[in-house]
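Asker: I'd like to go over a predicted model; first the sequence, then the structure.
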Amino acid sequence: METSYTEKIKELNATIKQKEKKFRQEKSKYMQKVIEKSDLEHLFVDAVEDVRKEIMHRRLKDEMTARKGPRKPASQQDAQEIEDTL
């Protein structure tokens, strides 16, 4: 009878180890998905931020052009200064 108890304990311990291994694998998969989602979110936020900067750059450039009247286009240095202020 004691042998059947020890055998059952061994079986249950083996089952626990299998469940723990499966749990670690699933947790690892979940964390990988979270990391991928986070990377995509950062990529999206960076893209939106780039578009926002470009819009601000164009508005500022148009505003400067409107104030100064018709002139030659802003130089590369002017464009760089505007972009640096953003």
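Answerer: Cool, got the structure. Residues are numbered from 1 along each chain as shown.
Asker: What's the per-residue pLDDT of residue 30 here?
Answerer: Note on residue 30: pLDDT of 93.
Asker: for residue 48, same thing?
Answerer: On the pLDDT scale, residue 48 gets 95.
Asker: Burial check on it, number of neighbours?
Answerer: By the measure other CB atoms under 10 Å, the count of residues near residue 48 is 10. For the C-beta atoms, the positions are set from N, CA and C on the backbone; glycine is no exception.
Asker: Where does it sit: helix, strand or coil?
Answerer: helix (DSSP: H, G, I helix; E, B strand; the rest coil).
Asker: quick one: low-confidence ranges for the protein?
Answerer: 1, 69-86 (pLDDT under 70).
Asker: Would you map the strands across it?
Answerer: Remark: strands of the chain are absent; assignment by DSSP state E.
Asker: any idea how far residue 31 is from residue 22?
Answerer: According to CB to CB, to the nearest Å, residue 22 stands 15 Å off from residue 31.
Asker: And residue 25, by the same measure?
Answerer: On the measure of CB to CB, residue 25 and residue 31 end up 11 Å apart.
Asker: same question, residue 55
Answerer: Here residue 55 is placed at a distance of 36 Å from residue 31 (CB to CB).
Asker: before we move on, what about residue 15?
Answerer: Separation of residue 15 from residue 31 (CB to CB) stands at 25 Å.
Asker: could you pull out the helices for this structure?
Answerer: 2-68, 76-85 (DSSP state H).
Asker: and the longest one, what other elements does it pack with?
Answerer: Contacts of helix 2-68 with other secondary structure elements, assessed using 3 or more CB pairs under 8 Å, 6 or more residues apart in numbering; DSSP states H and E, are made with helix 76-85.
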